[in-house]
Structure formats: structure tokens, C-alpha cells
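>>> no sequence for this one, just the structure:
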């Protein structure tokens, strides 16, 4: 596929004249993910009116304002539930959910696992920055043990979720993890997730240098990017390591890519077989 | 009730209140339902799960009530006539979503079949304790439209009306019923489908680049686009401008908040329904809603037999509270009895509107007297009559 010039993508898919500059801090990875999303959509040549982007509350969830799709910025944690309504009623819409670690796995954990179980065709892009950034730096379900946040001033003792494992356990059909450092890989994974029929999750590890980085002495944005490069390894590279070396390292890659019965398709099948067996129902109170 | 008599030759069916809700929803054109099981409202979902797929509609049982209200708002934004049904505890969970529907001006209908509370309370017993919750439950200022029927036929009619009002005024409309109304079976004859007025939201005709999701217009009834129709718009629970984008500007916020209020207050005549029964010469009035109004009606007849001039005022629209209509009917009334199945919710509103001096010559205050029951039992006509006997 030929490379589409950056500027054309920006002009077409962003609300570039209306809504910029964005709200994100200097060094934030969310912009990288936004870029990956619109480039993936551009490569697929999807019509903007066919795409609905739904988000919850948080830093990452401000993303829909900037893209020129049908956009829905909902309640904290409920993005996937709103998206389920949109998708089930209009299966022809392509629904992307942008959410964060706190939004999807703390307050919205219930909706997350049930959408994965149901295998409804949503593409969930989960930006994991290990912290609640919007509210000023409280610990989230993915904050590593020992880390300092404004609500764990003596170090976090709360064990963290592995979000991909959670999605795999809940039965998600497509599960992948990458980082903001691996931007082209992120674009590839997002593209694969978008075309995958069924519930697909792309977890993208993001750097939050201003809040998480500063509180935990992780350095500035380039330093955090570098640590992503060194510590988040492809599945192949990770498997080669000894048990000792694996300490502190995380896998990235596609963990599952399977085709399973998709919810809205199954629903349509049910409706069709029902209508075939009883005939068309006009609303005559039979 | 006149309609029942007129149509009696037609097919009469024995129908439950919850069944009437499902039937009304189908006739009003509801094509999306998301819900979570809860006594005493579950029958609504059960019946719709049989009927909706046959008609190509969608029904999904979500993981909780929060997800249910979220899903119906999502579906409504995609163009559905969407509804959910629940009871008190579930309604409490839905409140944040109801606030979202109000600020984003998304049409949807929530059925609340009231049961005793607080908390798990009395799942299989009636109550009228959600009256204030439906009005003041969600945080922030925003008016509510809440309807409350008193019979199975009226449950059917008001379900259709709730859907129509939500489509017209782009807001979340709540239909209150209670455990007795929901489970009581009555012989009803449904009106002809041809005679039912169905309101659908107005579709925009402007080119997409001109479209504003919250267009200002003096009547506050605006065209609304759905996702996937070529109009790409932003919807947010944040305070927003005409296009739906978040704003912090004081003038834009004022405009938005005023619109939320005025679109209801400018159409009170259309929204408010109230029934008066034998009020022409009444000196004593009973103010009651829902299932309690049924007992009150009998009480009026019983009291009139013993020569007392008693009447009944029954609002079908509880919120917005029908202040002006009540003032008109109750102006010359000396005593007002307010029977209700809670510890005093409606009576506060009645006192607000009708409290103070009744007769300026004698400087006598009007008596507003509560008759309250909150033990899961209904108020009987005899109890109301006896209460009236005690007061001079």
C-alpha cells in the first residue's frame, strides 16, 4: 500500500481547525496513539461517517473530540456499555472504544469482561499509563506494586491487573499489547483489530511523564520511551529470556486472534430464522 | 375509563400492568430494549424478549442497570427508540446515565416499577417512595418528565405517551408504576392502532457541515441526527456548545442549561395531564396518584354517599409538578388529604403549592393532611374515609 501523506490524513480525519491544541500534557503518549488510529483508518479507507468512536472519562477518553467521526464521550467506565448499544442497534457502524486503564478495568471492569465474553464487534483501544492522570495521579488497577501515587504516598501494595490476561480469560477474540514507543506496530495492531470481527483489544502502554513519571522518578518523556523499548519485549524475545531475566519485563505482541461467533451476527441470524418460521409480524397484536 | 366502555364490544383481554407496558412500547415503536432482571419489573423484559426479535427489534440483557441505561442511550444516539425497565434499586444505579441522557438531550424511556425501600426493601410489595428520586435523583439541575398511571389501560396509554414525549423533547422520560399496578390483571380493550398518535424525532434537512446537534430555536424542538446518517457530531456529558463540543465559557453554559429547562417549561400545557373527579362543588379534596388514587376514588364515592362534598385530584404527570392546574382546582378547598405509600413525598409539593391561608376573611389556614402507609400494604378506601371523619 502506498504511503498516504501525513498532512492529508490530518486534514481529513482530525477536527484540525476546530479542536486543537489538545488538552494533553507535553510528552504524553496519547497523541501517538491518536496518530496510529487515524493512520490505520486511513489505510483501511473507511468512510468517516461509518465510524463511531466512544470513550469514557480520563485523559485518553478525550480523544473523540479530536477525530472527525461520529463521536461519543460518555460516563466514567461506561464507554463499552454505550458502544454495545450503538453497535447492536446499528451493526453496520464500525465502533471503536478508546479507554484508559482506570476507566476500563476499575470502574468499567464489569462492562469490559462482559463485552469480551459476549464477543460483540467492538475494537477497544486501551491506553495504559498506570495512573489516573486526569484527577492528578491516583493509583489505578495497573499501577505496579511499590509505586508512589497521590493516594499511595508510602508505595502501592495493591497488586496490578495484567489487562491482556484479563481479556483472554474473559474470552476476547483478539488480544494484543504494544507500546507508544512502537508506534508503527501500534498502527498495525490497531488495523488488525479494526478488521477483526468480534471483540478486539489493543492495550497500548503509554508514558505519562508529567504525573506518573515525575512521581516515580522515571525521568522525562524520552527516558520513559527508552525504558519501554528496553523492558517491553516482543513475545519471541521475551520467551528467550531466563526466568531471572524476565523479572520486570513485559511481553508485547498479538496474544490471540481467533474467529468466534460474533454477537450482532448471531442476533441477526436469530431474527432471520425467527421471522422465517413465523412469517413477518406486522404490529397487529397477535 | 370512558374508552373502555366505548370499545367494550371489541376484543377485551385480561392484561397485567407490566404486559401493558410491553404492549405500549411495541405500539409506540420501541425497537431497542436493554435491561437487567429485577422484581417487580422483569415481565416487561420477558415479554419484549419474545416480541421484539420477531419484529426485527433488538433486546439485550446487560450485566447491570448501569450498562442497561448506557446501552439504551447509545442505541438512541444511533437512531433507536430505546427503553429499559427497572425498579427502585436499579433506578438508583441508572441515575448517572439518566443525567447523561438529559444533558446530551438523548431521547429514552425508563420504566420504574416501584417497590418498598430503602435498599432491597420489599421486592414484592408496592410503594410510592421513588417519587422524589425520579425528580431529584440525578445530580445537577435538569427538569424531569415523570408520568404515573392508575390502571392497566392507562399504563398502556402512558407508556406510548412517555415514548412520544421523549422523542419530542429529546430527554429521558420516566414512567412510574408500582408493584400492584405492574402485577394486577384487569380486563382491558386496547384502542385501535390507527387512533394512536406516534411521535418520531424530527430529522435534519440541512447539509452535514451546517448541522448543529443543539440548534437554538424559540420552540426548543429541534431536528436531531443519528450516528451513521452522514452527520458527524460530538456528544459529551460535559457542558457543551451548540455543536456538542465541551465548553467552559459562561455564556455558552448558561445557554445550554437554560435550554434544558425551557424546553420543558415552555411546553407545560402539552406535558401536564391531570384528572379531577367530582371537584365541582368539593370543599374537601384528596390528592393522590397511581394505585392510591384508585382507593381515593372509592373513598370519594363513599364520602359523597354520606353527604360530604369530597373530590379527587390525580396528576398523571407528576413531574413537572402541575402547580397551576392544582391551584385552579384546589383554590376553594378547605382540607386536602394526601394519601401516599411513603413517609411524605407528594405532600411536600402539595404544601409548597397550596399551603398558607385558605380564607382571607377568617384568616384560616388550609389543612393539608397526610395519610401515609409504608409497610407494603395499600391504603384502603375505608382508611381514607375514616381519616376524613376525624378532621372537621
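Here it is on my side, so go on. If you're wondering where the values come from, they're calculated on a predicted model, not measured in any experiment.

>>> contacts only, for the residue of chain A found nearest chain B.
At 2.8 Å from chain B, residue A:85 is the closest residue in chain A, using CB to the nearest CB. (C-beta placed from N, C-alpha, C; glycine too.) Residue A:85 makes contacts with B:32, B:34, B:70-78, B:80, B:82, as judged by CB atoms under 8 Å, 6 or more residues apart in numbering or on different chains.

>>> of those, which belong to strands?
Taking DSSP state E as the definition of strands, the contacts of residue A:85 contribute B:32, B:34, B:82.

>>> as CSV, these with neighbour count would be great.
CSV is the format used below for the ones in strands among the contacts of residue A:85 (neighbours: other CB atoms under 10 Å in any protein chain shown):
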residue, neighbour count
B:32, 26
B:34, 31
B:82, 32
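
>>> quick check, nearest of those to chain A?
residue B:32 (5.3 Å).

>>> what's the neighbour count on the closest residue to the closest one other than its chain neighbours?
For residue B:32, ignoring the flanking residues on the chain, the nearest one in space by CB to CB, 6 or more residues apart in numbering or on different chains is residue B:80 at 3.7 Å. Other residues within reach of residue B:80, judged by other CB atoms under 10 Å in any protein chain shown, total 28.

>>> now do the helices in the stretch 51-200 of chain A.
All helices of the stretch 51-200 of chain A, identified by DSSP state H, counting those that start in this stretch, fall at A:79-89, A:101-102, A:109-118, A:163-170, A:183-195.

>>> helices or strands next to the longest one in the packing?
Judged by 3 or more CB pairs under 8 Å, 6 or more residues apart in numbering or on different chains; DSSP states H and E, the packing partners of helix A:183-195 are helix A:30-44, strand A:122-128, strand A:174-179, strand A:200-205, strand A:250-257.

>>> mind putting the contacts of residue A:85 into TSV with pLDDT?
Shown next, in TSV, are these (pLDDT from 0 to 100):
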residue	pLDDT
B:32	97
B:34	97
B:70	97
B:71	97
B:72	97
B:73	97
B:74	97
B:75	97
B:76	97
B:77	97
B:78	97
B:80	96
B:82	97
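
>>> pretty sure residue B:215 sits in a helix.
No. Residue B:215 is assigned coil when assessed by DSSP: H, G, I helix; E, B strand; the rest coil, not a helix.

>>> once you drop chain neighbours, what's closest to whichever residue of chain B sits closest to chain A?
At 2.8 Å from chain A, residue B:74 is the closest residue in chain B, using CB to the nearest CB. In this structure, residue B:74 finds its nearest non-sequential neighbour in residue A:85, 2.8 Å apart by CB to CB, 6+ apart.

>>> how close does that neighbour get to residue B:101?
12 Å (CB to CB, to the nearest Å).

>>> ditto for residue A:216
40 Å.

>>> which one of these two has more residues nearby?
Remark: of residue A:216 and residue B:101, residue B:101 carries more neighbours, 29 against 20, as counted by other CB under 10 Å.

>>> let's verify the more buried one: helix, strand, or coil?
helix.

>>> same question, residue B:369
Three-state call for residue B:369 (three-state DSSP): strand.

>>> ok, what's across the strand from it?
residue B:337 (DSSP bridges).

>>> contacts only, for it.
Counting by CB under 8 Å, 6+ apart, residue B:369 has contacts B:335, B:336, B:337, B:338, B:387, B:391.

>>> filter the residues you listed to the buried ones?
B:335, B:336, B:337, B:338, B:387 (16 or more other CB atoms under 10 Å in any protein chain shown).

>>> which two of those have the greatest separation?
B:336 and B:387 (11.9 Å; CB to CB).

>>> as a markdown table, the helices of the stretch 51-200 of chain A with distance to residue A:224 would be great.
Converted to a markdown table, these look like this (distance: least, CB to CB, whole Å):
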| stretch | distance to residue A:224 |
| --- | --- |
| helix A:79-89 | 26 |
| helix A:101-102 | 16 |
| helix A:109-118 | 26 |
| helix A:163-170 | 19 |
| helix A:183-195 | 14 |
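
>>> where does the prediction get shaky in the chain?
Picked chain A for this. A:1-2, A:280-286 (pLDDT under 70).

>>> correction: the question concerned chain B.
In chain B, residues with pLDDT under 70: B:1-10, B:357-363, B:392.

>>> and if we set it to 80?
Low-confidence segments of chain B (pLDDT under 80): B:1-11, B:216, B:356-365, B:392.

>>> first-to-last residue distance for stretch B:101-110?
End-to-end distance of stretch B:101-110 (CA to CA, to the nearest Å): 11 Å.

>>> any idea how far that stretch is from the chain center?
Distance of stretch B:101-110 from the chain centroid (CA atoms, centre = their mean, to the nearest Å) equals 14 Å.

>>> is it in proximity to chain A?
No. Applying CB under 8 Å from any CB of the partner chain, one finds stretch B:101-110 out of contact with chain A, separated by at least 8.8 Å.

>>> and that stretch, which residues are buried?
Neighbour-count burial for stretch B:101-110 [16+ other CB under 10 Å]: B:101, B:102, B:103, B:104, B:105, B:106, B:107, B:108, B:109, B:110.

>>> rewinding a little: closest one of the buried ones among the contacts of residue B:369 to residue B:231?
residue B:338 (47.6 Å).

>>> which non-adjacent residue is nearest the closest one?
Nearest one to residue B:338, counting by CB to CB, 6+ apart, is residue B:347 at 4.2 Å.

>>> enumerate every residue touching that neighbour.
Per CB under 8 Å, 6+ apart, neighbours of residue B:347: B:338, B:340, B:368, B:370.

>>> what kind of secondary structure is it in?
helix.

>>> could you give the number of residues near residue 189?
Since you didn't name a chain, this refers to chain A. 26.

>>> chain B was what I was after
18.

>>> residue B:301 too?
15.

>>> which helix or which strand is home to it?
helix B:290-305 (DSSP states H and E).
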